[in-house]
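*Asks:* Test case, fold it:
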Amino acid sequence: MDILLWLVPTLAVTLGAMAWVGWLGRDGRGEVDRDVAVRRLARALEKDLPRAEPVTRARERSTGIAVRPTRDAS
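*Replies:* Take a look at the predicted model:
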């Protein structure tokens, strides 16, 4: 059990950093007015997205080895 005591400082620092970031992050977002958020969403949904061209795969190069189906032994 004594061998695990070296983990205590690391665990304390990790938990402290998690608490600090959690506390700092909750105030950093700020409030957005609901009407402003709805307008932004509507503007984003109205945008025309560029159409993706179908991807054509290059044919694999033949290795020159023919694979024949197995024959039934019956």
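*Asks:* roughly how far is stretch 18-36 from the heart of the chain?
*Replies:* How far stretch 18-36 lies from its chain's middle: 22 Å, per Cα atoms, centre = their mean, to the nearest Å.
*Asks:* Go ahead and produce CSV holding the CA coordinates of that stretch.
*Replies:* Extracted C-alpha coordinates of stretch 18-36, given in CSV (Å, rounded to 0.1, in the frame of the first residue of the first chain):
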residue,chain,number,x,y,z
MET,A,18,-10.4,19.6,-13.1
ALA,A,19,-12.3,21.7,-10.4
TRP,A,20,-10.5,24.9,-11.5
VAL,A,21,-11.3,24.4,-15.2
GLY,A,22,-14.9,23.4,-14.4
TRP,A,23,-15.3,26.5,-12.3
LEU,A,24,-13.7,28.8,-14.9
GLY,A,25,-15.5,27.3,-17.8
ARG,A,26,-19.0,27.8,-16.4
ASP,A,27,-18.8,31.6,-16.5
GLY,A,28,-16.9,31.9,-19.7
ARG,A,29,-19.8,31.1,-22.1
GLY,A,30,-22.0,34.0,-21.4
GLU,A,31,-25.7,34.2,-22.1
VAL,A,32,-27.1,34.6,-25.7
ASP,A,33,-30.5,36.1,-26.2
ARG,A,34,-33.0,33.5,-27.4
ASP,A,35,-34.1,35.7,-30.4
VAL,A,36,-30.5,36.2,-31.5
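*Asks:* low-confidence ranges in this protein?
*Replies:* Scanning the chain for pLDDT under 70 picks out 27-30, 73-74.
*Asks:* Now do Leu7 against Ala19, distance only.
*Replies:* Using Cβ to Cβ, to the nearest Å, Leu7 is found at 18 Å from Ala19. (C-beta placed from N, C-alpha, C; glycine too.)
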